[in-house]
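1. Kindly generate the corresponding structure for this input.
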Amino acid sequence: MNDSTNDNVIAMESPEAVIARVRDEIGRRGLSQAQVAREAGISQSSLAQLLGGTYAANPRKMTVRLAQWLARLSQQRAQPVMPQAPGWVSTPTAERILAALAYAHMAGDVAVIYGGAGVGKTTAAREYAARFPNIWIATMTPATAGVTTALEEVCLALGFRELPGGGARMQRELVARLQGSEGLLVIDEAQHLSVAALDALRALHDATGIGLALMGNELIYARMTGGTRAVWLDRLFSRIGRRLRVQRVVRDDVAALAAAHGVEEAAALRRLVEIGGQAGALRAVGKTLRLARMMAAGQGTELGADHIAAAWADLTGGAA
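-> Numbers count the residues shown, from 1 in each chain. Model (predicted):
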């Protein structure tokens with residue numbers, strides 16, 4: 001059923017029929033009204049009134065959205081099931097990242113982990129946080145480059161229910177929370193931070209003795225070692241106890257991920273190694289594997305090099 005046919009069916013179906021189908025879907029799948037309302041893009045109170053027969057306004061607009069939700073469910077069921085990605089996969093590069101995080105954590109020191117995108121820095125940090133208590137990951141963006149906004153992200157990572165007003169007060173509250181925690185603060189995408197924000201994080205480390213790991217691309221380290229800004233980062237640079245540059249993944253990284261997805265064909269592994277050497281590295285390999293497994297499942301065949309090539313072509317718009 002194409003989109004125009006779906007639109008015609010939705011337009012022709014009565015509100016009563018749509019509501020009856022929604023009730024059936026909720027009962028059959030054990031869904032909550034909150035979940036249905038969220039997925040359909042309507043308020044939970046409107047859905048409750050529609051299902052209870054007490055909706056006072058014209059229900060057409062609401063039931064069109066519910067019909068669209070039902071159509072999307074039907075479309076999803078018609079597609080091959082998207083295979084679940086494997087859980088944590090230990091790779092040589094991941095173990096190097098874990099070791100750098102462990103050093104910063106146990107020594108109460110500063111580690112800088114930097115390099116290319118998609119090499120597994122964030123995944124490794126999340127795995128480390130899953131293994132030990134008091135590991136906090138704050139992810140920065142261009143919108144959190146300043147001192148106050150960066151400290152807000154750290155507060156949120158620590159689970160503050162209410163954000164203290166102003167950067168100075170946040171700094172004091174964070175010091176009070178972090179002192180004696182024996183924890184590790186991981187700052188992901190740290191290249192987005194201003195010099196002043198980096199210095200504020202350095203001050204947190206100095207005041208509390210917690211481990212601090214700065215993760216990002218090549219820019220985060222380059223800013224500390226060269227150019228006109230280097231002098232302002234001397235206080236932080238002199239405190240770095242561990243530097244780890246992860247420029248690209250190695251063949252064994254790709255092989256470990258491929259094995260976790262059940263890849264056995266040598267030609268398929270060779271193609272994945274080629275993909276891992278391009279932009280995006282393991283992230284690109286993981287996306288390719290998921291789509292390739294979906295294609296193989298839809299055909300009822302074993303995953304092979306042809307599926308890898310087709311999936312990569314689909315993800316890159318046909319680029320080699």
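2. Below-threshold pLDDT in the stretch 51-200 of the chain: ranges please.
-> 78-85 (pLDDT under 70).
3. mind listing what Pro164 touches?
-> Contacts for Pro164 (Cβ atoms under 8 Å, 6 or more residues apart in numbering) come out as Cys155, Met170, Arg172, Glu173. C-beta here means a position set from N, CA and C on the backbone, and glycine is covered the same way.
4. Which two among those are spaced furthest apart?
-> Cys155 and Arg172 (11.5 Å; Cβ to Cβ).
5. which of the contacts of Pro164 count as buried?
-> Cys155, Met170, Glu173 (16 or more other Cβ atoms under 10 Å).
6. for the stretch 1-150 of the chain, what spans make up the strands?
-> All strands of the stretch 1-150 of the chain, identified by DSSP state E, counting those that start in this stretch, fall at 110-115, 135-139.
7. okay, those strands in CSV with mean neighbour count and distance to Ala190 next?
-> Conversion of the strands of the stretch 1-150 of the chain to CSV gives the following (neighbours: other Cβ atoms under 10 Å; distance: least, Cβ to Cβ, whole Å):
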stretch, mean neighbour count, distance to Ala190
strand 110-115, 24, 8
strand 135-139, 19, 9
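8. Glu162 in helix, strand or coil?
-> coil (DSSP: H, G, I helix; E, B strand; the rest coil).
9. gap between it and Arg77?
-> 43 Å (Cβ to Cβ, to the nearest Å).
10. pLDDT weak spots in the stretch 201-320 of the chain?
-> Using pLDDT under 70, the flagged stretches of the stretch 201-320 of the chain are 226-232, 279-280, 318-320.
11. for the stretch 201-320 of the chain, what spans make up the helices?
-> Assigned by DSSP state H, counting those that start in this stretch, the stretch 201-320 of the chain shows helices spanning 218-225, 234-237, 251-260, 266-276, 281-299, 305-315.
12. Tell me which of those helices sits nearest to Gly87.
-> helix 251-260 (8.4 Å).
13. re earlier: need the contacts of Pro164 in a markdown table (columns: distance to Ala297).
-> Compiled in a markdown table, the contacts of Pro164 are given as follows (distance: Cβ to Cβ, whole Å):
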| residue | distance to Ala297 |
| --- | --- |
| Cys155 | 44 |
| Met170 | 49 |
| Arg172 | 54 |
| Glu173 | 50 |
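14. need the residues you listed in a markdown table with secondary structure and distance to Arg60, can you?
-> A markdown table is the format used below for the contacts of Pro164 (DSSP: H, G, I helix; E, B strand; the rest coil; distance: Cβ to Cβ, whole Å):
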| residue | secondary structure | distance to Arg60 |
| --- | --- | --- |
| Cys155 | helix | 45 |
| Met170 | helix | 48 |
| Arg172 | helix | 55 |
| Glu173 | helix | 50 |
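15. quick one, what contacts the closest residue to Ala203 other than its chain neighbours?
-> In this structure, Ala203 finds its nearest non-sequential neighbour in Gln171, 7.0 Å apart by Cβ to Cβ, 6 or more residues apart in numbering. Residues counted as contacts of Gln171 (Cβ under 8 Å, 6+ apart) are Leu151, Ala200, Ala203, Leu204.
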